[in-house]
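pasting the structure only:
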Ligand code: PLP
């Protein structure tokens, strides 16, 4: 493993004043050992660390940077907004412009409310669904992550049909007792729960394509059952598109699959690299949000003009020059190249991908849910991660995270990544 003394020193210093040295745990390289890179700057598809090394960035700030780092249109929009003032605590037209663009992009969204993170978006959507239905129970799926909302920090109980138990100290059991945790893609369990608890279920929240246990696709049957059962029992179907929104298509997973959720949560790309989240959906539900309705939700920096400007610039670019077909081609080439590199070396592994989101799982079997994801060889992943890093390829530092392509990448970058993986896998094979 290459020495990175400046990052090592920066991490030691950070650990003295920031818990674990990071402001979000996924950044700490805990799952792969060693210390994180400290980043000096980004440019297009590249990150540069404090030790002056350049890396091809497949993390993209965990999803937002679909155009890569420092796209001039986004930077200029933020600079222009900054000159007019950083925050007003009063409405400005940029908020309506971005709302109109979101509504144009996602047909199921008739009204939208901006917040400052994906966590706030899912927290608010759950509260709204409960307020709208007058019910308390929510269903989530094991391995899906929806931010650090107390009610969603749950592990499955001992049986699939038991109520969730807190997955973090500090979350009282009362916060999770109304959360049911099911296995992803399990239509039978879903139907059973609705049969038993249907009239108490306020909402089902789901990642329509999962990024947070590594990349896992929904089956068509699962998506259809989600829609059928929520309609039948009057529960709110929440698609958490914080990661997939504007990434899998301009209209997110819902455009890709032709689905129609009741509420959608957004974040990441929506803010173009600045802190933004949003929840939106059916007008009759959204009209329950204060001050139009009684369900409380607020934010000092909600609809912040710098963040709105970054989001508008990012989304307008996506609308004018859709990169989706290009990213699909890059993604397919990468997937094929990596899969071939695994297969020719007889290393058990699967490259799972939808559009520009992908994961190389070190497991022979298809990964369809949290149970199968956890069968992956995480020690082998950790070795692969460091070999790739030493070859200038920056991957997510966990087996259970999706990697992202961005539109600043070229076919040469894909070839470079496959070549690096071939070398790394040669080392792993011996
Ligand atoms: N929902 C999904 C699907 C996510 O991937 C994330 C973050 O990774 C969140 C919600 C939470 O968003 P944030 O980190 O902006 O609070």
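Arrived safely. All figures in this text were calculated on a predicted structure; none of them were measured in a lab.

every contact and neighbour count from this point should use C-alpha atoms.
Will do.

how far away is the residue most central in space within the chain from residue 207?
Closest to where the C-alpha atoms of the chain average out (C-alpha atoms, centre = their mean) is residue 243, at 3.1 Å. Relative to residue 207, residue 243 is positioned 8 Å away (C-alpha to C-alpha, to the nearest Å).

next one: residue 311
22 Å.

before we move on, what about residue 8?
Counting by C-alpha to C-alpha, the gap from residue 8 to residue 207 is 35 Å.

more neighbours, those two?
Set residue 8 next to residue 207 and count neighbours by other C-alpha atoms under 10 Å: residue 207 wins out with 26 against 18.

so what's that one up against?
By C-alpha atoms under 8 Å, 6 or more residues apart in numbering, the contact list for residue 207 reads 144, 145, 239, 240, 241.

from the contact counts, what lies against the helix or strand hosting residue 174?
Using DSSP states H and E, residue 174 sits within helix 173-176. Packed against helix 173-176 by the contact rule (3 or more C-alpha pairs under 8 Å, 6 or more residues apart in numbering; DSSP states H and E) you find strand 165-166.

which strands or helices does the strand it packs on pack on?
So strand 165-166, by 3+ C-alpha pairs under 8 Å, 6+ apart, packs with strand 154-155, helix 173-176.

apply 6 Å and report the result again.
Applying 3 or more C-alpha pairs under 6 Å, 6 or more residues apart in numbering; DSSP states H and E, we find strand 165-166 packed against strand 154-155.

looks to me like the residue nearest to the centre of the chain is in a helix.
No - read with DSSP: H, G, I helix; E, B strand; the rest coil, residue 243 is coil and lies in no helix.

can you pull the phi and psi angles for it?
Taking degrees, to the nearest 10, you get phi -90, psi -40 for the backbone angles of residue 243.

start at 9 instead
In the new count, where the first residue is 9, that last one comes out as residue 251.

and it, what does it touch?
Not one residue lies near residue 251 by C-alpha atoms under 6 Å, 6 or more residues apart in numbering.

how close does it get to the ligand?
5 Å (C-alpha to the nearest ligand atom, to the nearest Å).

buried ones in the helix holding residue 182?
Buried residues in helix 181-184, counted by 16 or more other C-alpha atoms under 10 Å: 181, 183, 184.

how about TSV for the residues you listed, with pLDDT added?
Conversion of the buried residues of helix 181-184 to TSV gives the following (pLDDT from 0 to 100):
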residue	pLDDT
181	89
183	91
184	92
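
ok, which of the residues you listed also contact the ligand?
For the ligand, no contacts are drawn from the buried residues of helix 181-184 by C-alpha under 6 Å from any ligand atom.

residue 424 belongs to a strand?
No - secondary structure of residue 424 (three-state DSSP): helix, not part of a strand.

burial measure for it, as a count.
17.

residues in contact with residue 116?
The neighbourhood of residue 116, defined by C-alpha under 6 Å, 6+ apart, consists of 268, 289.

before we move on, what SS does it have?
Here residue 116 is coil, with the state taken from three-state DSSP.
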